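**Q** This is a predicted model, with the sequence first.
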Amino acid sequence: MRLAGKIALAVFAGLILLVAVVLVRTLTYKPAAVADGRDVRVAPPVAVDVDRAAQRLSAAVRIQTVSHQDRAEDQPAEWARLHAFLAEAYPAAHAAMRRELVAERTLVFTWPGSDAALAPIVLMAHQDVVPVTPGTEGDWKHPPFGGVIAEGAVWGRGAIDDKGSLITLFEGLETLAAGGFQPRRTVIVVSGHDEEVRGGGARAAAALLKSRGIRAQFVLDEGLAVIDGNPLTGGRLALVGTAEKGFATLKVTAEAKGGHSSAPPKDGGGVLTLARAVAAIADRPFPMRLDGPAGDMMATAAPHAPFVVRMAVANRWLFGPLLKSQLGATPAGAALMHTTIAPTMLKGSPKENVLPQDATAWINYRIAPGDSSAEVMARARAAVGDLPVTLAWNRPPDEPSPVSSTTSDAWKVIAAVAGETARAPVAPGLVTAATDSRYMQPVAKDVYRFQPMALTVETTGMIHGTNEHLTLENLGMAVQFYARLVATAASR
């Protein structure tokens, strides 16, 4: 046989071997290090009065606990109204729990368990909502603070984020308390008042719990949700956040001489220097990675995905670049795989014909687990090189959270209840925004982020946006989830 024939035969044999390896790995693929909670005995369903819960959520939406960037614009009386409403609407829960007020408006409830030796559980849902952008009120199908119940949903700001969680959590607690449930494990509820702007209430609550020596079995807050028609499996997938990104804003300042715009300097002045610096930083993105929570999500969801997706995930050694390309095709997908860089604010001259004496830009980073604010700063300094700019943090950064376990008893309980309530596979994931739970790390090793509500990728855009609403179906599912979670976790 000629040499060319031998080479062709060797190549063909190599291809056959490669295909065989890929197929075997695909057909035998099982995700590692993620428990499914099959061995957890989930508490039975409870009776849910969806109409009553909708009326209560409607009333809560009408209470305008809006957190503004300027604290002077807040209306403290609205928080007092919400507290009074919760006490009136949920008498059995309030009778069973001790209520404390922290940092003026944050609520901490404690439902003592019968076995003080068991680590408590901590459930979170914040009280405040973001403002409605002035001038956009007419874009809403129903008034943003009307709490209208229509088209099978409760409409208004906070219906999902996060009064939907707050009300359904209390509905679940009220159902259990009124039915005579007595937890073995203490249940603590933390409801921050300023999650949307500062998170000072959650910080104060965490400090209080830490001072009491609380070390919880787990903390559960908002974050991810049940996604219908998700891109990975095409079906329903319950995503539980095992970590969240850090938050940091870099202030970039270019000093300049200023002067009249009719005689600009050769170098273009501070604005051009600033523009070059911002472009240099943005043009040096962090590399995409398939490890951490994003990788865990794909690995866990793959057995429920179409064959091609399962094959790619099972053979990341071969298809890794393709997976990164496909997942990174959208901004949301790309954000799961790396630290993001987003220039958000600019300041220059106060007048159009005046050269500024300084020009400033603010660049917001969401720092992925595995990276740090120190690496962000070092990378930015390397990017700007010898450009005459100064770099400083706008305020001390929040580092990314540790990654919580996907094999612990806490994970198994949450995964089991979420899977049974949502009737969907459960996978870990990464929260790319920030939640109050980031302050709870001193209180619990395992901190999870999940809202028991089914949304599509498209409808998640209404959160902080226009026409926010919670369907009555989701309302009922959320009440079931919280009631069954407490009944399951607090009985073990």
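**A** Sure, I can see it.
**Q** shouldn't residue 356 be in contact with residue 273?
**A** No. Using C-beta atoms under 8 Å, residue 356 is not in contact with residue 273, being 10.5 Å away. Bear in mind the C-beta positions are built from the backbone N, C-alpha and C, glycine included.
**Q** who touches both of these two?
**A** Overlap of the contact sets of residue 356 and residue 273 (by C-beta atoms under 8 Å, 6 or more residues apart in numbering) consists of residue 256.
**Q** Now do the helices in the stretch 301-450 of the chain.
**A** Using DSSP state H, counting those that start in this stretch, the helices of the stretch 301-450 of the chain run over 307-314, 316-327, 331-335, 373-384, 409-422.
**Q** so which of those helices gets nearest residue 291?
**A** Residue 291 lies closest to helix 316-327 among those, at 9.8 Å (C-beta to C-beta).
**Q** which outside residues touch the closest one?
**A** Residues contacting helix 316-327 (C-beta under 8 Å, 6+ apart): 22, 288, 290, 294-295, 298, 311-313, 333-334, 336-337.
**Q** Mind picking the two most distant members of these?
**A** Spanning the widest gap among the contacts of helix 316-327 are 22 and 334, at 26.1 Å by C-beta to C-beta.
**Q** Report the buried residues of stretch 440-453.
**A** 440, 443, 444, 445, 446, 447, 448, 449, 450, 451, 452, 453 (16 or more other C-beta atoms under 10 Å).
**Q** State the three-state secondary structure for residue 60.
**A** helix (DSSP: H, G, I helix; E, B strand; the rest coil).
**Q** Which parts of the stretch 151-300 of the chain are strands?
**A** Secondary structure of the stretch 151-300 of the chain by DSSP state E, counting those that start in this stretch: the strands cover 153-155, 187-191, 218-228, 237-244, 246-255, 259-260.
**Q** With distance to residue 80 and mean neighbour count as new columns, can those strands be given to me in TSV?
**A** Below are those laid out as TSV (distance: least, C-beta to C-beta, whole Å; neighbours: other C-beta atoms under 10 Å):
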stretch	distance to residue 80	mean neighbour count
strand 153-155	23	26
strand 187-191	14	25
strand 218-228	23	26
strand 237-244	30	28
strand 246-255	30	20
strand 259-260	54	12
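**Q** mean pLDDT lowest for which of those?
**A** Between those, the one with the least mean pLDDT is strand 259-260; it has a mean of 87.
**Q** what's that strand packed up against?
**A** Other elements packing on strand 259-260 under the criterion 3 or more C-beta pairs under 8 Å, 6 or more residues apart in numbering; DSSP states H and E are strand 354-355.
**Q** now the strand it packs on, how far from the chain's geometric center?
**A** Distance of strand 354-355 from the chain centroid (C-alpha atoms, centre = their mean, to the nearest Å) equals 42 Å.
**Q** Contacts for it next, please.
**A** Residues from elsewhere that reach strand 354-355, judged by C-beta under 8 Å, 6+ apart: 256, 257, 258, 259, 260, 261, 264, 265, 269, 270, 349.
**Q** Quickly list what residue 471 is bridged to.
**A** On the basis of DSSP bridges, residue 471 is bridged to residue 153.
**Q** So which of the buried residues of stretch 440-453 belong to strands?
**A** Among the buried residues of stretch 440-453, the ones falling in strands (DSSP state E) are 447, 448, 449, 450, 451, 452, 453.
**Q** Would you mind putting the residues you listed into a markdown table with distance to residue 284 and pLDDT alongside?
**A** Listed next are those as a markdown table, based on distance: C-beta to C-beta, whole Å; pLDDT from 0 to 100:
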| residue | distance to residue 284 | pLDDT |
| --- | --- | --- |
| 447 | 31 | 98 |
| 448 | 33 | 98 |
| 449 | 30 | 98 |
| 450 | 34 | 98 |
| 451 | 35 | 97 |
| 452 | 40 | 97 |
| 453 | 38 | 98 |
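**Q** how about the residues you listed in TSV, adding distance to residue 216?
**A** Below are those laid out as TSV (distance: C-beta to C-beta, whole Å):
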residue	distance to residue 216
447	9
448	11
449	15
450	16
451	19
452	20
453	24
